[in-house]
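**Student:** Predicted coordinates and the sequence they were generated for:
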Amino acid sequence: MPAARDIWDDVDTSVKTWLNAYREQLTTTLARELKSAGSTATEHEKAAFERRIREVAKVLAQGR
């Protein structure tokens, strides 16, 4: 298959360059999405924690 090797030699650098750029783009996108998801999860857990604190305070107040 000398023809396939010849073609690959012509596109090898272009493919590597494209893959590196695509990898960087995916990494940036993933980092942004994970940051957003982390912020959302933190807000959700904070609200849940505050609700639980109020529940415990209510039970303690009823027991007195």
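**Tutor:** Sure, I can see it.
**Student:** how near is the residue minimising distance to the centre of the chain to A48?
**Tutor:** The residue lying closest to the centre of the chain (C-alpha atoms, centre = their mean) is L34, at 2.5 Å. Remark: distance between L34 and A48 (C-beta to C-beta, to the nearest Å) = 21 Å. In short, each C-beta sits where N, CA and C put it, glycine included.
**Student:** again, but for A61
**Tutor:** According to C-beta to C-beta, A61 and A48 sit 20 Å apart.
**Student:** Backbone torsions only: list them for A31.
**Tutor:** Dihedral pair for A31: phi -60, psi -40, per degrees, to the nearest 10.
**Student:** what residues are up against the residue nearest to the centre of the chain?
**Tutor:** Under the criterion of C-beta atoms under 8 Å, 6 or more residues apart in numbering, L34 has no neighbours.
**Student:** Now R52: which helix or strand?
**Tutor:** helix 2-63 (DSSP states H and E).
**Student:** what is the mean pLDDT for that helix?
**Tutor:** Averaged over helix 2-63, pLDDT sits at 94.
**Student:** next one: that helix to chain centre, how far?
**Tutor:** 0 Å (C-alpha atoms, centre = their mean, to the nearest Å).
**Student:** going forward, begin numbering at 34 instead of 1
**Tutor:** Yes, from this point I'll number from 34; that puts the last item at helix 35-96.
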